[in-house]
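Engineer: Using only what follows, build the 3D model:
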Amino acid sequence: IENDKRFNVLNEIDVYLEKFENVKLIVDVAAGAEDNAVVFANACGRIVIVVVGEPTSFMDAYAFIKALNLEKNVEKVSIVVNMAQSAKDAEGSFSSFQKIVCQFLDIELSYLGWLPMSKVISNSILARKPFVLNSKTDAHLNLRLSDIVKNIEQTPSCETNSIRFFDK
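Structural biologist: Residues are numbered from 1 along each chain as shown. Next up, the predicted model:
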């Protein structure tokens, strides 16, 4: 999208959100460091990147963080580890990823939590429906998601000089 079109989209969303109090907007951008993803993520108050513990996921996430850091001066990014076997596995993946990122970039990564490998999530992707709407969601999955939400709320907002439309 051209810059004018991006600005118009961001502005329209901002005007729409002014009608509501205490609203949270989640912007899901595609993986990779494409211009639109960087611009829209930078307009958000908090940036959360979801990784899985495999090299291709790490490479995509690193490229995106690098673009945010170098092009938009983003200094704080939060990480969720998806499809982990256990809390220990997720923490290990985060630690490995953090070492890679912080070795080359001046950025602070925070760990928000993890989601387990789950048939409920896999089925929700195939059904194109959020797994939280599935009556078969188990307590363990709900607990992991609740922890992530709580941690996101406690994470300080990013501070940049850029246009901030989604910081509501």
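Engineer: Wait, Glu71 touches Val38, no?
Structural biologist: Yes. With contact defined as CB atoms under 8 Å, Glu71 counts as touching Val38 (6.1 Å). Using the backbone N, CA and C atoms, a C-beta is placed for each residue, glycine as well.
Engineer: So for these two, which residue has more residues nearby?
Structural biologist: Neighbours per residue (other CB atoms under 10 Å) separate Glu71 from Val38, with Val38 holding more: 19 against 14.
Engineer: List the beta-bridge partners for the residue nearest the centre of the chain.
Structural biologist: Residue closest to the mean C-alpha point of the chain, counted by CA atoms, centre = their mean, is Val48 at 2.4 Å. Note on Val48: beta-bridge partners by DSSP bridges are Ser78.
Engineer: Relative to Asn123, how far out is it?
Structural biologist: Between Val48 and Asn123 the computed distance is 23 Å (CB to CB, to the nearest Å).
Engineer: do Lys150 as well
Structural biologist: From Lys150 across to Asn123, the span is 25 Å (CB to CB).
Engineer: Then Ser95?
Structural biologist: Look at Ser95 and Asn123: by CB to CB, they are 30 Å apart.
Engineer: Please identify the buried residues of the least confident helix or strand in the chain by mean pLDDT?
Structural biologist: Least confident helix or strand, the chain: helix 3-17 with a mean of 79, by mean pLDDT, DSSP states H and E. Across helix 3-17, burial judged by 16 or more other CB atoms under 10 Å covers 6, 9-10, 13-14, 17.
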